[in-house]
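**Q** Provide a 3D model corresponding to the input given below.
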Amino acid sequence: MATSSMQLSGERPRETQPGGGGLARSESPAATTERGTTGPAPRVLTPRARRTRAHILRAAEELFAERGFRGTRLADVAAAVGIRRASIVYYFRDKPALYDAVLADALGGLLARLEAAVARAEPLRDRVEAAVSVWVDYVGARPTLARLLLREAVEAGPEGASALALHLRPFVRLVQRLIDADPPLLHRKSAIDPAHAAAAIAGATLFFVGAMARLVPQLGFDPLAPEHLESHRHEVLRIVDRLLGQDLSH
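**A** The predicted model follows:
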């Protein structure tokens, strides 16, 4: 089976449509339909094929998080799953398509949980604190996501939107929708910059889960231990409470 030259190179992913199919915007949907990705009439995978696809995504997520996009080969993913390299192309057109699917899988579950948290008919403070708890719990349960985000932030080039940037757009819209739905927050937004607040909250958890144990090994603790994750969530919620309390008191 012919393979793309991009599979063997370190080329960054092309701009693709988020959602796990890795469909390049310049391509016809039919180009990937028969490989079980996106398209108007996707082929139904057998239970065994769905399990294999899930195993490929999990193995690829671990490798992309550990080695980055450029440092991960399809052959490495295949070896981790226990299949031939050519078999991966049955599910994902090439390495950029696989990377896009990994991001969609990792971020899709998080977005759904955050959407549910902020959609509650509750005051702003309660909805934001619920969303923060979802964020900490999700990243703590899926630490590869933290390493993926940190690595992408370092490796993304200035040439244009990265695959990750496209997948993060729904999160930006979610935050903006939360702000727009609360007029008092809009009027008082000079008291707290939402972008700075989001960076402080997200950055704290990404560093705690994805980097702290490696950068400061002398601390000698596992950030993924339940007691440490709970302590971290408590501290992040305290930060949120202070930020919201400052903003809403004016």
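**Q** report the next helix or strand after the least confident helix or strand in the chain by mean pLDDT in sequence order.
**A** The weakest-scoring helix or strand in the chain, judged by mean pLDDT, DSSP states H and E, is helix 30-33 (a mean of 32). Downstream of helix 30-33, the next assigned helix or strand under DSSP states H and E is helix 47-71.
**Q** so for that next one, mean pLDDT?
**A** Per-residue pLDDT values over helix 47-71 give a mean of 93.
**Q** over to stretch 207-216?
**A** 85.
**Q** can you name the residues in contact with that stretch?
**A** Here stretch 207-216 makes contact (Cβ atoms under 8 Å, 6 or more residues apart in numbering) with 139-140, 143, 146-147, 149-150, 219, 221-224, 232. Every residue, glycine included, has its C-beta placed from N, CA and C.
**Q** chain center to that stretch: distance?
**A** Averaging C-alpha positions (Cα atoms, centre = their mean, to the nearest Å) puts stretch 207-216 18 Å from its chain's average.
**Q** swap in stretch 81-88?
**A** The answer for stretch 81-88 is 24 Å, by Cα atoms, centre = their mean.
**Q** which parts of that stretch are buried?
**A** If you call a residue buried by 16 or more other Cβ atoms under 10 Å, then stretch 81-88 has these buried ones: 81, 83, 85, 88.
**Q** phi, psi for the most centrally placed residue in the chain please.
**A** Centrality entry for the chain: nearest residue to the mean C-alpha point is Leu107, 3.6 Å, by Cα atoms, centre = their mean. Main-chain dihedrals, Leu107, degrees, to the nearest 10: phi -90, psi -20.
**Q** that one touches Leu145, doesn't it?
**A** Yes. Using Cβ atoms under 8 Å, Leu107 is in contact with Leu145, at 7.5 Å.
**Q** next, count neighbours for the closest residue in space to Val240 that isn't next to it in sequence.
**A** In space, and not counting its chain neighbours, Val240 is closest to Val132: 5.4 Å by Cβ to Cβ, 6 or more residues apart in numbering. Neighbour count of Val132, defined by other Cβ atoms under 10 Å: 21.
**Q** Val132 contacts Ile201, correct?
**A** Yes. In terms of Cβ under 8 Å, Val132 counts as a neighbour of Ile201; the distance is 6.1 Å.
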